[in-house]
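Q: Provided below are the primary sequence and the corresponding predicted coordinates.
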Amino acid sequence: MKKFKKWYCIASVVFATVVLVLTLSMCTTQTAYATSAGSSTKTTSEKKSVPDAAEDVNNGFSIAYNNDGGSLSAPIKILLFLTVITLAPSILIMLTSFTRIIVVLHFLRSAIGTQTSPPNQVLIGLALFLTLFIMSPVFTQINEKAIKPLDAGEITQEEALEIGMEPLREFMFGQTQVKDINLFCEIANVTYEDKEEITNTVLIPAFIISELRQAFIIGFIIYIPFIVIDMVVSSVLMSMGMMMLPPTTISLPFKILLFILADGWDLVIGNLVKTFM
């Protein structure tokens, strides 16, 4: 897991650097093109009306709007889009069911006693597809209510962001305990009478805390039958005088056998998914 985190951090830094370089190069190219095109068409009187760089209060930097229509220019849109792509893994992990699923799967692997089986790549892939399965109704609502109207030009970007957050907020409210919300409201020194008054800065950390609590509860329940097997095997080995033989060496095949006979994957995954329904 540490190697995965290390490579994930390195890949994120490299990706962010590439995105920044590409965005700056595109902005520079478009600015140079616009400057050359404008200089060839402007008259002498128009050139005099342009303020000198030394007199410009913006110091040569400004956010351009297309014909004062309220929409951001193309380079800014590209920068925002690439920024969202960079933050997409964090959004997927923190605002969906991914956290609870991956924590429970790691508890399951530790309870059985297999150190690297299933490997981290398999667990993360399984958690990712289970997240897509659980969150598909939410993603469908976001696509129908926010992305498609925005693409058709029926709503603005701010309205699309606000509308798109509503299904996510409803999902998070359904999985968040009231005491966690009250905890962060108390820390932020804010009060609320309706859930609509709860901001995302309060809801998101409360949701994460609730997910971790639920995952640890499920992990404890998973551990119980495997601990019983370890205790029985240890007692048998002690009674036989085989104190030098590690109990895990004997108990591991029995724990795997128990997991297979009980159809463990079906029980764990099925009940884990049902906790979100």
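A: In hand now; what should we look at?
Q: residue ranges of the helices in the protein, please?
A: With DSSP state H as the criterion, the chain has helices at 2-41, 44-49, 74-94, 98-112, 120-142, 148-151, 157-175, 178-188, 200-239, 247-261, 264-274.
Q: Packed most tightly, which of these would that be?
A: helix 98-112 (a mean of 21; mean count of other C-beta atoms under 10 Å). Where C-beta positions appear, they are placed from N, C-alpha and C, glycine not excepted.
Q: Lowest average pLDDT across the helices of the chain?
A: Least confident of the helices of the chain, judged by mean pLDDT, is helix 44-49 with a mean of 43.
Q: Switch the helices of the chain over to a markdown table; also include distance to Asp194.
A: Shown next, in a markdown table, are the helices of the chain (distance: least, C-beta to C-beta, whole Å):
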| stretch | distance to Asp194 |
| --- | --- |
| helix 2-41 | 37 |
| helix 44-49 | 53 |
| helix 74-94 | 24 |
| helix 98-112 | 26 |
| helix 120-142 | 21 |
| helix 148-151 | 26 |
| helix 157-175 | 11 |
| helix 178-188 | 12 |
| helix 200-239 | 13 |
| helix 247-261 | 46 |
| helix 264-274 | 29 |
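Q: List the contacts of the residue nearest to Ala215 when sequence neighbours are not counted.
A: Excluding the flanking residues, the one nearest Ala215 by C-beta to C-beta, 6 or more residues apart in numbering is Val103, at 3.8 Å. Val103 sits next to 211-212, 215-216, 219 when contact means C-beta atoms under 8 Å, 6 or more residues apart in numbering.
Q: what's the answer for Pro118, then?
A: Taking C-beta under 8 Å, 6+ apart as the test, what Pro118 contacts is 109, 126.
Q: quick revisit: any idea how far Arg213 is from the residue nearest to Ala215?
A: 10 Å (C-beta to C-beta, to the nearest Å).
Q: ok, which pair from the contacts of Val103 is furthest apart?
A: In terms of C-beta to C-beta, the contacts of Val103 reach their longest pairwise distance at Glu211 and Gly219, which sit 12.3 Å apart.
Q: hang on, the earlier thing: how close does the residue nearest to Ala215 sit to Ile163?
A: Noted for Val103: a distance of 31 Å to Ile163, by C-beta to C-beta.
Q: How about Thr140?
A: Counting by C-beta to C-beta, the gap from Thr140 to Ile163 is 14 Å.
Q: now swap in Phe226 and tell me
A: 46 Å.
Q: go on, Ile76?
A: Ile76 is 21 Å from Ile163, by C-beta to C-beta.
Q: Equivalent analysis for His106, please.
A: Using C-beta to C-beta, His106 is found at 35 Å from Ile163.
Q: just Phe98 next, same as before
A: Distance of Phe98 to Ile163, computed by C-beta to C-beta: 23 Å.
Q: for Ile102, same thing?
A: The gap separating Ile102 from Ile163 is 29 Å, by C-beta to C-beta.
Q: now Gln157
A: Separation of Gln157 from Ile163 (C-beta to C-beta) stands at 11 Å.
Q: One more: Lys148?
A: 11 Å.
Q: Next: Ser97.
A: 22 Å.
Q: ditto for Phe139
A: In terms of C-beta to C-beta, Phe139 sits 14 Å off from Ile163.
Q: Contacts only, for the closest residue to Ile250 other than its chain neighbours.
A: Nearest non-adjacent residue to Ile250, counting by C-beta to C-beta, 6+ apart: Val233, 5.1 Å away. Residues near Val233 by C-beta under 8 Å, 6+ apart: 247, 250-251, 254.
Q: Farthest-apart pair in the residues you listed, please.
A: Checking the contacts of Val233 with C-beta to C-beta, the most distant pair is Pro247 and Phe254, at 10.5 Å.
Q: With only the CA atoms kept, save stretch 96-114 in CSV.
A: Taking C-alpha atoms only, stretch 96-114 is exported to CSV below (Å, rounded to 0.1, in the frame of the first residue of the first chain):
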residue,chain,number,x,y,z
THR,A,96,-18.6,8.5,-2.9
SER,A,97,-18.8,5.1,-1.4
PHE,A,98,-15.2,4.2,-2.3
THR,A,99,-13.8,5.0,1.2
ARG,A,100,-16.0,2.5,3.1
ILE,A,101,-15.5,-0.2,0.4
ILE,A,102,-11.7,-0.1,0.3
VAL,A,103,-11.4,0.0,4.1
VAL,A,104,-13.6,-3.0,4.5
LEU,A,105,-11.8,-5.0,1.9
HIS,A,106,-8.5,-4.3,3.6
PHE,A,107,-10.0,-5.4,6.9
LEU,A,108,-11.1,-8.6,5.2
ARG,A,109,-7.7,-9.4,3.8
SER,A,110,-6.1,-8.8,7.2
ALA,A,111,-8.6,-10.9,9.0
ILE,A,112,-8.0,-13.9,6.7
GLY,A,113,-4.3,-13.4,7.2
THR,A,114,-3.2,-13.3,3.5
